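Undergrad: got a sequence here, can you model it:
(chains A, B, C and D)
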Amino acid sequence: MDATELRERVRAFLRDHDPATMDRLEFLRARFDAGLAWISYPPALGGLGAPRSLQPVVDDEFAAAGAPDNDPMRIAIGLGMAAPTILRHGTDEQRRRWLRPLWTGEEVWCQLFSEPGAGSDLAALGTRAVRQDDGWTVDGQKVWTSLAHEARWAILIARTDPSLPKHQGITYFVCDMTDPGVEVRPLRQITGEAEFNEVFLTGVRIPDAHRLGEVGEGWRVAQTTLMNERVAIGGGAVPREGGFIGVVANTWRSRPELRSPGQLDALMRLWVSAEAGRLTAQRLGEQLATGQPGFEGSAVKYAYAKLNQEISGFELELLGEEGLRYDDYTMRRPTGVPWQERSPGYRYLRAKGNSIEGGTSEILANIIAERVLGLPPEIRVDKDVPWKDLPR
Amino acid sequence: MDATELRERVRAFLRDHDPATMDRLEFLRARFDAGLAWISYPPALGGLGAPRSLQPVVDDEFAAAGAPDNDPMRIAIGLGMAAPTILRHGTDEQRRRWLRPLWTGEEVWCQLFSEPGAGSDLAALGTRAVRQDDGWTVDGQKVWTSLAHEARWAILIARTDPSLPKHQGITYFVCDMTDPGVEVRPLRQITGEAEFNEVFLTGVRIPDAHRLGEVGEGWRVAQTTLMNERVAIGGGAVPREGGFIGVVANTWRSRPELRSPGQLDALMRLWVSAEAGRLTAQRLGEQLATGQPGFEGSAVKYAYAKLNQEISGFELELLGEEGLRYDDYTMRRPTGVPWQERSPGYRYLRAKGNSIEGGTSEILANIIAERVLGLPPEIRVDKDVPWKDLPR
Amino acid sequence: MTLLYSEVEEELRGAVRRLLTDRAPWTAVLKRTESDEPYDHALWRTLAAEIGTAALPVPEKLGGAGASWREAAVVAEELGRAVAPVPYLGAAMATAALLAIADDDLLRQVSAGERTAVLATPLSTGPGAAPPVSARVDGDTRVDGDTLTGAVTSVADALAADVLFVIAGDGLYAVEAAAATRTPVLSLDLTRRLADVSFEGVPARRLAGRDAVGPAWAAAWRAGAVLLASEQLGIAEWCLSTTVEYVKTRHQFGRPVGSFQALKHRLAELWVAVTQARAVARYAAGCLADGDPDLAVAASLAQAHCGPVAVRAAEECVQLHGGIAMTWEHPAHLYLKRAKSDAIALGTAERHRATLAGLVDIPS
Amino acid sequence: MTLLYSEVEEELRGAVRRLLTDRAPWTAVLKRTESDEPYDHALWRTLAAEIGTAALPVPEKLGGAGASWREAAVVAEELGRAVAPVPYLGAAMATAALLAIADDDLLRQVSAGERTAVLATPLSTGPGAAPPVSARVDGDTRVDGDTLTGAVTSVADALAADVLFVIAGDGLYAVEAAAATRTPVLSLDLTRRLADVSFEGVPARRLAGRDAVGPAWAAAWRAGAVLLASEQLGIAEWCLSTTVEYVKTRHQFGRPVGSFQALKHRLAELWVAVTQARAVARYAAGCLADGDPDLAVAASLAQAHCGPVAVRAAEECVQLHGGIAMTWEHPAHLYLKRAKSDAIALGTAERHRATLAGLVDIPS
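TA: Reported below is the predicted structural model:
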């Protein structure tokens, strides 16, 4: 399957399905059924078993024809994390049930992994799943769940055996977010708004058919999810001055009254760091495209967080009086991080999360030190201790 | 004993001992015998049991009279480290034998503590002292020994029982540097010169009468030495721009052609850090004078090392072409660190040692974290293991 | 000049801290940020009048406490530690101006805590600036009093003021705060609110003439810079100690996270910076109290050093708490926002370094 | 443009690295620093002529290898990794100048490794400077050749040159190195020696006229800046990997010191910086090879980023080795001195940032 052939397939599909006249959802379903959704997936599950690198050919062709997309921002968790996990660890029945409405966006997914007591140490999670009749009853609290208030399904990891060491007693489930035991509360952030939720699980019933992978194998299954999360974060080409730096550089260019000689050098330090980070991401993208392992992804995320924090901190001080003001602390439910439209204060506050979300910078540094540089691991005191006996 | 009384004593002494006509050494011996050497020491050991804070009164009085001093730079190890340890842990006979010629400078002392394999982890030292007849035979290698090539005596810690955990099998000795088994080799540094030595000990004989403290109590005795070393490093009032910063600031002032706007802010960052460090040392001095514990000494040394490294690095780049040149890489034996007379390159290279010598910055950070902030100690794997079984 | 705290100062600190612990715990401060009364007037009255902090820098013969700016700086430390919503900074700057122009009547009212005066200048006004003129006097100076017209933006503590001091072209004027139009601003730091203030023919009393404005402004600004440094020290101390306590109890990987050496070293470095900030802030307070000729240097030094330390401490506080500190219901953000606003208030560190360069003869 | 290394480049790297491992281990480099022959001429001949690195950027029709500056940059990485005492940088800059003025004869000799040409300009000459004129032509231009008089200080690689290129008022001249007075300088970095060079009526051949000097100098300087960035990358990589290996084996407190998290995090951060330096250096080499219009930006970016990374890597190498790295008999100081000198060579990072500001329209 090459690009020409793919392009021809899309065109043939478009001849039979006119996006201008067809119902949006019907169109997306038909696209899925034609194997033109995620082409690297197997036939009958929205794909053609084609190389992943050719996906842009298909997407560009659809976009050029003015076809509707599946609103990927809204279903990012489903696409990026739930789907690869279901594909790899799900039964045929599970794949058939979940993947199609996931891709079309009919069903939004969220991720119930992190807990107040299990952040960096995710494997320490305490949400309990107890076997009952032909299914499971789940009790616990999850946190930092984006899209929980819109989600139909959640991927969930819970502890099924507290007497085993922490990595061994975990099982992976799909949780029905409409279950009456699921309570979703917005988690307000320092920016004023709530991108995320807390999710309280009280006697939530999960049929055993909604278990992904074997009982006690949840940590291994979760690795598929987490690996895909990390891939999603790194890489990707942006133009020069495409990030925070562009905002500040343009402020500098357009407002001579704010400039001072000492700040110019500081701005240029940031400009250099931004450009170095951009080129590193570009090189990472090339590496991934040639199938080389991309540990540089950790470097990209690590540097990106630090840089955004530095730039936004600089921006506030450059602006002086304006930096003392904020745009809006109202509690709202945004989708995404609208950093370009919001105020410098919002950028400053929101960027603080960049070194915490999706793996803290400290955890990234550990990963780099141990997996890339081969330095000795931390002395582990919790490896062989039953979860229930761990200090917390 | 108050300042007036002390001043009177010095004047009386000076009436009887004219520094202008008297032999230098005789004068110093007489000063010692009069209890006017280190006044906080006991009578008969060069002191009067007076408060240490009054020492400057005596020193100033002698200096004003043009009296010779005991060249404190040359005998710094003796004064700062050996003497307090002998005073505290020595027998009467040991104190009588060693303290007088130590103070007068007739006998120079050095310190045989660090080893190539025991730097930050000093207690891991491997130099062996084996009991033989009425004394000890010592074999091993010491390093970073200043003044070893001029010293008559050394304070030495050596392992007397390798089967005990590392802190327990150490004994503290005074080593005769004229013993034929002592070989001193200059240790050339990256600056080209050799401030320090390596000392090779081969079958060195030490009489048991030269042991300080009990057998196996050497680590505890060494704490007295090390505590006095740390006190010597911190504190002390210097004038504004008294350190490296003054050199760079004056270069900046006198050479307009080197300046650029971006560098001005960098220079002022350093200036601010230097002044902050200076005031911190001043505050530490006040604290010590009022008898408050001076953990701030760690802060002073930590910041001082970092600052010197930053300033000297900046200086080289400010100078540009001149920074590419060096003054003298000849192997020499300096006393002290003549940073004011030497080139910027020397300052840059020598300052690298500031964060290593006298306790690395990493060890200082550990001390601050654990003793000041009360954070949990590192997990120790070597505490209860016999020294001989430790990995190295 | 000593850089240590005196016993009297420690007693004062204790009294202020007890009051703040009781009346302004962070939960109350947070709640107030979204209330209709962003300033805690009752707390301020207790602090200013009963504990007498408003009188600290004022000589006894003018109704003051016979203490000095050193004690006032200790109060600022505690207020920073509590991110307390009281107009201490604005009031202190106004007091310094009053001391400079020797307006005894108003000084008595202010130091008794009866009235709160605030200097109506933008909070971001940096070092070395000429007095920021914000109004003009309408017509000629008249016997029955002047009126002012003008506007000034981003004034801290204006919402809590009874009297505003306004710099006009030919002098310093006092106007009744109620007579001015004060438009609240949504400030980054909700614990120190800003307001845009405008005057439309507002009756004004002339406090000082053209020649006295410069010295009065300089005195006010310097006192502000020095107290702000102590406030920043208090913020940094809170952030450091709160973080240290948190990492001792928060467990991950079966260990308190404070046992991980990378965190220990970062906290140790932060402690070094805070230790330096304390020496620097104390020196500045001493210079202000003594009228030391080095005051200008000490004030800009303090701002250049303590501002960034407070920001760094607050940023480390957020990072080392992890996700929990990114939430509205945790106090860290109150400190982060105050620290960052303080780093802009009275000029950024970069501006202070530039000023310092001029003061210590390091030419550009 | 790819930022990855090609297979051909990796093969070339392998060949150069084998040669250097064999002929220039650090013990030999250290010994040579105090010998009478600071440059390794034999090594340089093998490298330039036999392996053919001198010919890499030269087109095949001019006797070159038909490779490009990308491959030349890979060689610079390896030379940095070995702090090798060969005049590669100076020779490469001269080659760039020759390519710019299309002097085919000399180019053939130089690319064959028969003669080593070096541009006689101070090593510290920064970005954006006008061509640094260092001599004047004696009298009028004559048919039987010109003579030059002048002086230039701190010329890198001059001691290893056969031919010196001299910028005089009206053109670029070639003089026999033996005819000039070359006074060795005690350089901070003993692996790349400097010399002060003077000319007293030295016979000179005019290579290019007034108009061509600017472009030739710019071409030479940019090629130098790009290759220097790759050299800095090589230095940083050596320092990082050597330190990582050391902390794995050095035990203190019964553990490899590399198991202490504070060190692990610092090394991880350094790895991030080196990873970025690699992308930046590759981009600069690609721009130079392709004659990309972004070359000026890429070259100054590379210098602004890679110089500080190499210095930091060398400084961390010393610190994390502890005392042993402060000694003459340990290789760390060779890298520290090279890294710091390189940070000044062709302009400091601060100068590059200022230049970059102009290039990307960020006004002062």
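
Undergrad: pLDDT weak spots in the stretch 51-200 of chain A?
TA: Applying pLDDT under 70 to the stretch 51-200 of chain A flags no residue at all.

Undergrad: tell me the helices in it, going along the chain?
TA: A:55-64, A:76-77, A:83-89, A:92-104 (DSSP state H, counting those that start in this stretch).

Undergrad: and the next helix or strand past the helix or strand containing residue C:266?
TA: According to DSSP states H and E, residue C:266 maps onto helix C:261-290. Using DSSP H and E, the next helix or strand after helix C:261-290 towards the C-terminus is helix C:295-321.

Undergrad: could you point out which element follows that next one?
TA: helix C:332-344.

Undergrad: picking that back up, between the helices of the stretch 51-200 of chain A, which one is closest to chain C.
TA: Among these, the nearest to chain C by C-beta to the nearest C-beta is helix A:76-77 (17.1 Å). C-beta coordinates here come from the backbone N, C-alpha and C atoms, glycine included.

Undergrad: show residues contacting the closest one.
TA: Helix A:76-77 has contacts (C-beta atoms under 8 Å, 6 or more residues apart in numbering or on different chains) with A:108-111, A:146-147, A:151, A:232.

Undergrad: how far does it sit from the chain's center?
TA: The chain centroid and the centroid of helix A:76-77 are separated by 6 Å, computed with C-alpha atoms, centre = their mean, to the nearest Å.

Undergrad: got it, and stretch C:107-121?
TA: Once both centres are worked out by C-alpha atoms, centre = their mean, stretch C:107-121 turns out to sit 15 Å from its chain's centre.

Undergrad: that older thread, the helices of the stretch 51-200 of chain A into CSV, with extra columns for mean neighbour count and distance to residue B:390?
TA: What follows is those, written out as CSV (neighbours: other C-beta atoms under 10 Å in any protein chain shown; distance: least, C-beta to C-beta, whole Å):
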stretch, mean neighbour count, distance to residue B:390
helix A:55-64, 16, 56
helix A:76-77, 21, 50
helix A:83-89, 21, 46
helix A:92-104, 19, 54
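
Undergrad: so which of those helices gets nearest residue C:348?
TA: helix A:76-77 (37.8 Å; C-beta to C-beta).

Undergrad: how is the chain carved up into domains?
TA: If you meant another chain, say so; for now it's chain A. Here the domain parsing of chain A from automatic domain parsing is A:1-69, A:73-216+A:381-392, A:233-359.

Undergrad: that's the other chain; I wanted chain C
TA: Domain assignment for chain C, taken from automatic domain parsing, gives C:7-115, C:135-210, C:214-359.

Undergrad: what about the longest one, near chain D?
TA: Looking back up the chat, that one is domain C:214-359. Yes: residues of domain C:214-359 contacting chain D under C-beta under 8 Å from any C-beta of the partner chain: C:260-262, C:264-265.

Undergrad: of those residues - the most surrounded one?
TA: Using other C-beta atoms under 10 Å in any protein chain shown as the neighbour test, those are led by residue C:264, with 26 neighbours.

Undergrad: so how far is residue C:243 from that one?
TA: 12 Å (C-beta to C-beta, to the nearest Å).

Undergrad: again, but for residue C:350
TA: Residue C:350 is 27 Å from residue C:243, by C-beta to C-beta.

Undergrad: the two: which is more packed in?
TA: Each of residue C:350 and residue C:243 has its neighbours counted (other C-beta under 10 Å); residue C:243 has more, 26 against 23.

Undergrad: quick check: that one touching residue C:314?
TA: No: Residue C:243 is beyond contact range of residue C:314, at 9.7 Å (criterion: C-beta atoms under 8 Å).

Undergrad: overlap of the contact sets of those two?
TA: With C-beta under 8 Å, 6+ apart, residue C:243 and residue C:314 have no common neighbours.

Undergrad: if you compare the domains of chain C, which one is most tucked away?
TA: Mean neighbours per residue, mean count of other C-beta atoms under 10 Å in any protein chain shown, is largest over the domains of chain C for domain C:214-359, with a mean of 24.

Undergrad: what distance separates it from the centre of its chain?
TA: 13 Å.

Undergrad: list of residues touching stretch A:180-189?
TA: If you take C-beta under 8 Å, 6+ apart as the criterion, stretch A:180-189 is touched by A:138, A:143-145, A:148-149, A:175-177, A:194-205, A:331, A:333, A:349-350, A:353, C:326-329.

Undergrad: compute the first-to-last residue distance for it.
TA: End-to-end distance for stretch A:180-189: 26 Å, by C-alpha to C-alpha, to the nearest Å.

Undergrad: now the residue in the stretch 101-250 of chain C that chain D sits nearest to: how far from chain A?
TA: Nearest to chain D, among the residues of the stretch 101-250 of chain C, is residue C:247, at 13.1 Å (C-beta to the nearest C-beta). Between residue C:247 and chain A the distance is 11 Å, computed by C-beta to the nearest C-beta, to the nearest Å.
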